[in-house]
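>>> one predicted model, sequence on top.
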Amino acid sequence: MPEGIAQFARAKHLNLETFRKTGAGVRTPVWFAQDISHTNPSVTVFYIYSEAGAGKIKRLRNNPHARVAPCTVSGSLRGMWIDGRARICDESEAAHARQLLTQKYGLLKTVGDFFSRLLRHQQTVIAVEVE
């Protein structure tokens, strides 16, 4: 595993940096699950769960370039930035990603999902691919 990817092995959060139309970066600490691309094994995929209307989703629709780095829950960096390309997952890939996220976060994610449904928040899954 390349050094840049290895830094995420035991991380609980990653800092996702997306970019405004002006080029300014916006950093957001998020939960994530890591997987290997099924179509290209040399690509690592970071799955991120978010509200469909969140700013990061809007920014990624305009510009798929993203950066990720391991961080604390408050966003303090714990490693180096890695460039990637983000996309919104289709439903079958999103289902796989939700399983990975539930395996990693367990009861916390289950409770969070319950309240999201209760509040009628629409959720989406982002995949950030890194070579």
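Nice, thanks for sending it over.
>>> in contact with His13, which residues?
By Cβ atoms under 8 Å, 6 or more residues apart in numbering, the residues touching His13 are 29-32, 70-73, 75. For the C-beta atoms, the positions are set from N, CA and C on the backbone; glycine is no exception.
>>> among the residues you listed, which are in strands?
Counting by DSSP state E, the contacts of His13 place 29-31, 70-71 in strands.
>>> packing partners of whichever helix or strand Arg98 is part of?
Arg98 is located in helix 91-105, with elements delineated by DSSP states H and E. Secondary-structure packing of helix 91-105 (3 or more Cβ pairs under 8 Å, 6 or more residues apart in numbering; DSSP states H and E): strand 25-31, strand 33-36, strand 44-51, helix 107-118, strand 123-130.
>>> Ala33: neighbour count?
Residues near Ala33, counting by other Cβ atoms under 10 Å, number 21.
>>> need the nearest residue in space to it, chain neighbours excluded.
Spatial nearest neighbour of Ala33, chain neighbours left out: Leu100 (3.6 Å); criterion: Cβ to Cβ, 6 or more residues apart in numbering.
>>> separation between that neighbour and Phe32?
Noted for Leu100: a distance of 9 Å to Phe32, by Cβ to Cβ, to the nearest Å.
>>> so those two - more neighbours on which side?
Neighbour totals were compared for Leu100 and Phe32, and Phe32 leads with 26 against 16 (other Cβ under 10 Å).
>>> pick out the shakiest of the helices and strands packed on helix 91-105, pLDDT-wise.
Ranked by mean pLDDT, the helices and strands packed on helix 91-105 bottom out at helix 107-118, with a mean of 59.
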